[in-house]
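A.B. asks: Structure, please.
(2 chains)
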Amino acid sequence: MSIKRSLLSVPLRISTLAMVLFLMIGAQAFAAHPDVSDSEEAIAAGKTLFNANCKTCHKLDQKYTGPALRGVTERRTIDWAKNFIKNSSALIASGDAQAVAIYKEFNNLAMPSHTFLSDTDLENLLSYIEYGDKGSSDAEASAGEGSEASSGGSGVPSEYLTIIISVMVVVLLLILIVLGLIISVLTKYLNNQNLDEDEKEFINQKFDFGKILKSDAFVIIVTALVIALVAKTAIDGLYSVGIQQGYAPKQPIAFSHQLHAGQYEIECQYCHTGVELGKSANIPSANICMNCHTHIQNVEGKDGISPEIQKIYNAVENNEPIEWVRIHNLPDLAYFNHAQHVAVGGIDCQTCHGQIQEMEVVHQHSSLTMGWCIDCHRQTNINTAGNEYYDKLVQLHSDSKNALKVKDIGGLECAKCHY
Amino acid sequence: MKLIRSIYVIATAGVALGFASCSASGDHPGYEYAPQMYNSVAYEPLTQIVNEDEGKWVSTREDEKGEFFNSNINNPHRMNMREPVANTVPRTKDGLLPYRLKAFELEKAAELENPVELTDEVLEDGRLLFLQYCKACHGINGEGDGLAGEVIGGVANLKGGAYVDLPEGHIFHVIMKGKGRMGAHGTQIPQERIWKIVHYVKQEIQKQ
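C.D. replies: Sure thing, here's the model as predicted:
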């Protein structure tokens, strides 16, 4: 009966039809135990319980962290299912063959006990497991399609720009041709008039490139331009010595900040654990990678183990360091402390490191020169609110018209960074 | 005359281009004016030069290695960074001793009490720490719906019935040593900060 309903209520689409076919097969495979209620209230109550307690590990029709649940009352007795939900570890410890088998199948991962669920709760839960959300995966799929379709259509302006520019080039070429034609027509017309020799010479004179190239003015202008250009490149080159801005070395593992910090919104501090505690932000050791990559072995659901992730496993297995290439190399003559800037100053990582969450390969965003440091120290206000450490300073500074900046509390003193 | 001038121009252009290649890009870190002042003589934990010939042209070392080579040849893999000496205890400001319970001693851990006094400031710290260390998997509200958690699968919904009544020591132990699919976070988060997270989870996320 649920098949009929879904046919009527869901708009007819190819994917829907495919889903319905799938469901028919599914419905044949799993016949629920007759004692499990299919009333709407029971299913709704069960759904609430399922979402609060089960959904992070179980899906109804798909194997996830735990087994797919639909049809459990056909495969097992209702009492067994209730006992397993309530306290699976006790059931496994008692040596129940089916419980032990499933425990082993899912890597000896124990399900937490749910002794707080009453008998009615368990029955509602089983109702939802057997009868709930039969078309849900279909709904999710079409929702996914919709959001993908709506997220296009912002690339128009650049196309327009190209069209406008090419049209303008064509127009300019046409004007050039027309002007050339006008000149030749005028020359012909003037040659047919009665003119003296001087005027004829003026009309028929040829444009002499060679003469211009050899003229003193031209040579001086070109030489001056070349010298200026060479001097500018040389000076720029000299200034770039000792500055590693734009340095983007290839790393031993093709780690993408765009994927981790951008797409999955993992906070910087999760891996760079030292950033609020000490001088260095720290490069995470492999055990921090393994918190997630024990389970995530490939990108976006591909099969097998990704060769890049395999490198982490090798490092852990052989107890070898991963030799990341350091990008931000402050000279040994300067001292910098992350905690001072991040925990005390409250500066975002992106202020100095750029939009890291958008970088596939990290490059050095800022110049990290002394001028760059000093510039920020001159401009940045101190947040003194609610910090009695600054009370006296604020009082002393109250005569000044300008706000209290980092430079006013020693941000320009040599020995703060050079010692 | 003219030939000489064009030679000068080309030479200057060549020098200029040479300087232009001093700047960093891709795999090339660029050059320094006085590399002796850039490279540390002492062993640095996070910057170590493994190439023995680095800076050989200015080397004054007796072992005839490059001036800038600063890896510790006495350590495995020539690493400068070492783990603390076994059975030693770091001196910390708050005086918390290292956590000695093993991963399986969950029941013993459940009896632990939170040594951090509960204040508004601690709760705010806990909230920020929760966002840094827990949100990726457990979600902003702790409902097991973090973006990374959905890929990993099997992330606990901290508001679920199986978790709301857990004692603080249990939560601390699980963060410290891991449980089920969750990895151990004891190396990442200092004990005091974990206890702050525990306060936040108990007071805000699991408040009933």
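A.B. asks: list the contacts for residue 53?
C.D. replies: Just so you know, I chose chain A. Taking Cβ atoms under 8 Å, 6 or more residues apart in numbering or on different chains as the contact definition, residue A:53 lies against A:114, A:117, B:157, B:160-162. To be clear about C-beta, it is placed using only N, CA and C from the backbone, and glycine gets the same treatment.
A.B. asks: my bad, the chain I had in mind was chain B
C.D. replies: When contacts are counted by Cβ under 8 Å, 6+ apart, residue B:53 touches B:65-66, B:69.
A.B. asks: Would you map the strands across the chain?
C.D. replies: Picking chain A for this. Secondary structure of chain A by DSSP state E: no strands are present.
A.B. asks: Looking at it, which residue is nearest chain B?
C.D. replies: Distances from chain A to chain B, computed as Cβ to the nearest Cβ, single out residue A:237 as the nearest residue at 2.4 Å.
A.B. asks: what's the domain layout of chain A?
C.D. replies: Domains of chain A are assigned by automatic domain parsing as A:2-145, A:179-240, A:370-419.
A.B. asks: Could you give the average pLDDT over the longest one?
C.D. replies: Spelled out, it's domain A:2-145. When pLDDT is averaged over domain A:2-145, the result is 72.
A.B. asks: same check, this time on the second one
C.D. replies: Regarding domain A:179-240, the rounded mean pLDDT is 85.
A.B. asks: least trustworthy helix or strand in chain B by mean pLDDT?
C.D. replies: Across the helices and strands of chain B, mean confidence by mean pLDDT, DSSP states H and E is lowest for helix B:2-20: a mean of 67.
A.B. asks: Whichever helix or strand comes after that helix and chain A, any residue contact?
C.D. replies: Using DSSP states H and E, the helix or strand that follows helix B:2-20 towards the C-terminus is helix B:35-38. Yes - looking at helix B:35-38 against chain A by Cβ under 8 Å from any Cβ of the partner chain, the contacts come from B:37-38.
A.B. asks: who's in contact with the residue nearest to residue B:79 when sequence neighbours are not counted?
C.D. replies: Counting by Cβ to Cβ, 6 or more residues apart in numbering or on different chains, the nearest residue to residue B:79 once its immediate chain neighbours are dropped is residue A:321, at 5.8 Å. Listed by Cβ under 8 Å, 6+ apart, the contact set of residue A:321 reads A:315, B:77, B:79.
A.B. asks: didn't residue A:116 look like it was pressed against residue B:160?
C.D. replies: No - with contact defined as Cβ atoms under 8 Å, residue A:116 does not reach residue B:160; the gap is 9.8 Å.
A.B. asks: quick one, which of the two is more surrounded?
C.D. replies: Under the neighbour definition other Cβ atoms under 10 Å in any protein chain shown, residue A:116 and residue B:160 were set side by side, and residue B:160 has more, 22 against 13.
A.B. asks: which residues touch that one?
C.D. replies: A:52-53, A:56, B:144.
A.B. asks: distance of it from residue A:48?
C.D. replies: As defined by Cβ to Cβ, to the nearest Å, residue B:160 lies at a distance of 12 Å from residue A:48.
A.B. asks: Now residue A:327, what are its backbone angles?
C.D. replies: Per-residue torsions, residue A:327: phi -100, psi -50 (degrees, to the nearest 10).
A.B. asks: which of the contacts of residue B:160 lies closest to residue A:362?
C.D. replies: Set against residue A:362, the nearest of those by Cβ to Cβ is residue B:144 (30.6 Å).
A.B. asks: Then that closest one would be within a strand, right?
C.D. replies: No - Residue B:144 sits outside any strand when classified using DSSP: H, G, I helix; E, B strand; the rest coil, being coil.
A.B. asks: Tell me the pLDDT of residue 151.
C.D. replies: As the question left the chain open, I've gone with chain A. For residue A:151, the pLDDT comes out at 42.
A.B. asks: sorry, should have said chain B
C.D. replies: 88.
A.B. asks: Helix or strand: which one has it?
C.D. replies: Applying DSSP H and E as the criterion places residue B:151 in helix B:147-152.
A.B. asks: counting contacts, what elements does that helix pack onto?
C.D. replies: Other helices and strands packing on helix B:147-152, by 3 or more Cβ pairs under 8 Å, 6 or more residues apart in numbering or on different chains; DSSP states H and E, are helix A:286-293, helix B:135-138.
A.B. asks: hmm, back to that, find residues that contact each of residue A:116 and residue B:160.
C.D. replies: Joint contacts of residue A:116 and residue B:160 (Cβ under 8 Å, 6+ apart) do not exist.
A.B. asks: Using PDB, list the CA coordinates for stretch A:99-112.
C.D. replies: Only the C-alpha atoms of stretch A:99-112 are listed here, as PDB (Å, rounded to 0.1, in the frame of the first residue of the first chain):
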ATOM      1  CA  ALA A  99      25.000 -11.100  18.700                       C
ATOM      2  CA  VAL A 100      28.700 -12.200  18.800                       C
ATOM      3  CA  ALA A 101      28.600 -12.700  15.000                       C
ATOM      4  CA  ILE A 102      27.400  -9.100  14.400                       C
ATOM      5  CA  TYR A 103      29.800  -7.700  16.900                       C
ATOM      6  CA  LYS A 104      32.700  -9.400  15.000                       C
ATOM      7  CA  GLU A 105      31.300  -8.300  11.600                       C
ATOM      8  CA  PHE A 106      31.500  -4.700  12.700                       C
ATOM      9  CA  ASN A 107      35.100  -4.700  13.900                       C
ATOM     10  CA  ASN A 108      34.300  -5.400  17.600                       C
ATOM     11  CA  LEU A 109      32.600  -2.000  17.900                       C
ATOM     12  CA  ALA A 110      30.200  -2.100  20.800                       C
ATOM     13  CA  MET A 111      26.900  -0.200  20.600                       C
ATOM     14  CA  PRO A 112      26.200   1.900  23.700                       C
END
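A.B. asks: Would you mind confirming that residue B:146 is in contact with residue B:131?
C.D. replies: No - because the distance of 10.5 Å does not satisfy Cβ under 8 Å, residue B:146 is recorded as not touching residue B:131.
A.B. asks: Now the common contact residues for the two.
C.D. replies: Taking Cβ under 8 Å, 6+ apart as the criterion, residue B:146 and residue B:131 both touch residue B:140.
A.B. asks: The two: who's more crowded?
C.D. replies: Legend: neighbour count by other Cβ under 10 Å for residue B:146 and residue B:131, higher for residue B:146 (22 against 15).
A.B. asks: three-state assignment of the most centrally placed residue in chain B?
C.D. replies: When Cα atoms, centre = their mean is applied to chain B, the residue found nearest the centroid is residue B:188 (7.3 Å). Here residue B:188 is coil, with the state taken from three-state DSSP.
A.B. asks: contacting residues around it?
C.D. replies: A:270, A:273, A:288, B:133.
A.B. asks: could I get the helices and strands packed on helix B:147-152 as CSV with distance to residue A:32, mean pLDDT and mean neighbour count?
C.D. replies: As requested, these are exported to CSV (distance: least, Cβ to Cβ, whole Å; pLDDT from 0 to 100; neighbours: other Cβ atoms under 10 Å in any protein chain shown):
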stretch, distance to residue A:32, mean pLDDT, mean neighbour count
helix A:286-293, 37, 93, 20
helix B:135-138, 33, 94, 24
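A.B. asks: want to try TSV for these, with distance to residue A:305 as columns?
C.D. replies: As requested, the helices and strands packed on helix B:147-152 are arranged in TSV below (distance: least, Cβ to Cβ, whole Å):
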stretch	distance to residue A:305
helix A:286-293	10
helix B:135-138	21
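A.B. asks: Send me the next helix or strand after the helix holding residue B:151 as CSV with only the CA atoms.
C.D. replies: Following helix B:147-152 in sequence order, the next helix or strand is helix B:161-164 (DSSP H and E). Extracted C-alpha coordinates of helix B:161-164, given in CSV (Å, rounded to 0.1, in the frame of the first residue of the first chain):
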residue,chain,number,x,y,z
GLY,B,161,19.8,9.2,25.8
ALA,B,162,22.8,7.0,26.0
TYR,B,163,25.1,10.0,26.7
VAL,B,164,23.2,12.7,28.7
